[in-house]
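S.K.: Fold the following.
(one chain, ligands or ions: 1)
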Amino acid sequence: MVKLPNAATLVQNNSAENVEREEPWPALIFDPLHQLSDDNMMVIGQIGQTIDGRIATVTGQSKYINGPAGLLHLHRLRAIVDAVIVGVGTVIADDPQLTVRLAKGAHPARVVIDPNHRLHPDLKIFNDDGVRRVVITKQGHAYPAADGIEILYLPTEEDGRISPATILQNLAAIGLRRILIEGGADTVSRFMHAGCLDRLHVIVAPIIMGSGRASFCLPAIEHMDQAHRLAVHAHKLDNELLFDCDLAALRQRRTDSSALAKFSALCFQSG
Ligand SMILES: NC(=O)c1ccc[n+]([C@@H]2O[C@H](COP(=O)([O-])OP(=O)(O)OC[C@H]3O[C@@H](n4cnc5c(N)ncnc54)[C@H](OP(=O)(O)O)[C@@H]3O)[C@@H](O)[C@H]2O)c1
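M.R.: Okay, here's the model as predicted:
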């Protein structure tokens, strides 16, 4: 059996020394992310997947599909955004910290979408470490959160889901405009399907899982001409491959000032 690069050890052993030795950031990858779109936002989706398009095993385990280079890339993405968004499924499966530990840069705000109040207050995402923590949930019932956690109560669509555009409008209203949608498959797919991503970074690790959670869950299509064909640049990250997809052509209008005023009135802080 091939031994994979030990990404877990890299994370555990991370120190200021590792960060000091960090290589220059590749401008071809990061320069486009420093620009804002015409709505003054930059929204990046990321997926770390196997060659056969899996982001987790059938039991939901995903630590660690990507090796050291892929993980460093993820931490650099976190370091350049105002906020990282994850779905509740990811927090339940991984209890992630969502901090920047392998690169230079500040920790982003941590945002979780938890419409049905499934999270426990002891999870790491809620650690009171001076970083903004935001919960996005449905209107209707008070969210049980500790003091200092910002709760955005947002309206749902006919399908019972909160539209990604509404989520982004409300995050912009509280000053969060550079956003990383870190996972999982359900959450990234919803933002992509809604035309709410500027870019998508897919990091392919040299692994075949053979079963497990697929990277995307989008509505079924019948013909290949209905599939998304993306403008893409490929970059080698050690033994992994980054597909940097420019989704500007698929992007829908995200910021509507009247909607922004309406929805921002629904935002308030707990405690
Ligand atoms: N390899 C990677 O890059 C990577 C990254 C992150 C996570 N993961 C893995 O991915 C798995 C979790 O992914 P997942 O797809 O099952 O779950 P997920 O995307 O983390 O969370 C999905 C849930 O979040 C809520 N949600 C998200 N967007 C919403 C919206 N617009 N409106 C309303 N609710 C919304 C819903 O909660 P309700 O169910 O309560 O309605 C939804 O079922 C885990 O195994 C994790 O390890 C892998």
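
S.K.: C-alpha only now, for contacts and for neighbours.
M.R.: OK.

S.K.: I'd guessed Arg199 sits against Leu250; true?
M.R.: No. Checked against Cα atoms under 8 Å, the pair Arg199 and Leu250 is beyond contact range at 10.1 Å.

S.K.: Which one's more surrounded, these two?
M.R.: Neighbour totals were compared for Arg199 and Leu250, and Arg199 leads with 23 against 15 (other Cα atoms under 10 Å).

S.K.: beta partners for the more buried one?
M.R.: Arg199 has these beta-bridge partners by DSSP bridges: Ile44, Asp246.

S.K.: begin at 34 from here
M.R.: Shifting the count to begin at 34 puts that one at Arg232.

S.K.: That one and the ligand, how far apart?
M.R.: 15 Å (Cα to the nearest ligand atom, to the nearest Å).

S.K.: quick one: contacts for that residue?
M.R.: Val76, Ile77, Gly78, Asp277, Cys278, Asp279, Leu280, Ala281 (Cα atoms under 8 Å, 6 or more residues apart in numbering).

S.K.: Looks like the first one contacts Asp231 (just checking).
M.R.: Yes. Distance between Val76 and Asp231: 5.3 Å, which falls inside the contact criterion (Cα under 8 Å).

S.K.: Out of the contacts of Arg232, which are close to the ligand?
M.R.: Subset of the contacts of Arg232 in contact with the ligand: empty, counting by Cα under 6 Å from any ligand atom.

S.K.: Need the residues you listed in JSON lines (columns: distance to Pro101, neighbour count and pLDDT).
M.R.: Shown next, in JSON lines, are the contacts of Arg232 (distance: Cα to Cα, whole Å; neighbours: other Cα atoms under 10 Å; pLDDT from 0 to 100):
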{"residue": "Val76", "distance to Pro101": "24", "neighbour count": "22", "pLDDT": "97"}
{"residue": "Ile77", "distance to Pro101": "21", "neighbour count": "27", "pLDDT": "98"}
{"residue": "Gly78", "distance to Pro101": "20", "neighbour count": "26", "pLDDT": "98"}
{"residue": "Asp277", "distance to Pro101": "18", "neighbour count": "21", "pLDDT": "98"}
{"residue": "Cys278", "distance to Pro101": "22", "neighbour count": "20", "pLDDT": "98"}
{"residue": "Asp279", "distance to Pro101": "24", "neighbour count": "19", "pLDDT": "96"}
{"residue": "Leu280", "distance to Pro101": "26", "neighbour count": "20", "pLDDT": "95"}
{"residue": "Ala281", "distance to Pro101": "29", "neighbour count": "15", "pLDDT": "90"}
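
S.K.: Pipe those residues into JSON lines and attach distance to Thr220 per row.
M.R.: Output for the contacts of Arg232, formatted as JSON lines (distance: Cα to Cα, whole Å):
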{"residue": "Val76", "distance to Thr220": "13"}
{"residue": "Ile77", "distance to Thr220": "12"}
{"residue": "Gly78", "distance to Thr220": "9"}
{"residue": "Asp277", "distance to Thr220": "19"}
{"residue": "Cys278", "distance to Thr220": "17"}
{"residue": "Asp279", "distance to Thr220": "19"}
{"residue": "Leu280", "distance to Thr220": "16"}
{"residue": "Ala281", "distance to Thr220": "19"}
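
S.K.: who in the stretch 184-304 of the chain is up against the ligand?
M.R.: By Cα under 6 Å from any ligand atom, the residues of the stretch 184-304 of the chain that approach the ligand are Arg194, Ile195, Ser196, Pro197, Glu215, Gly216, Gly217, Ala218, Asp219, Thr220.
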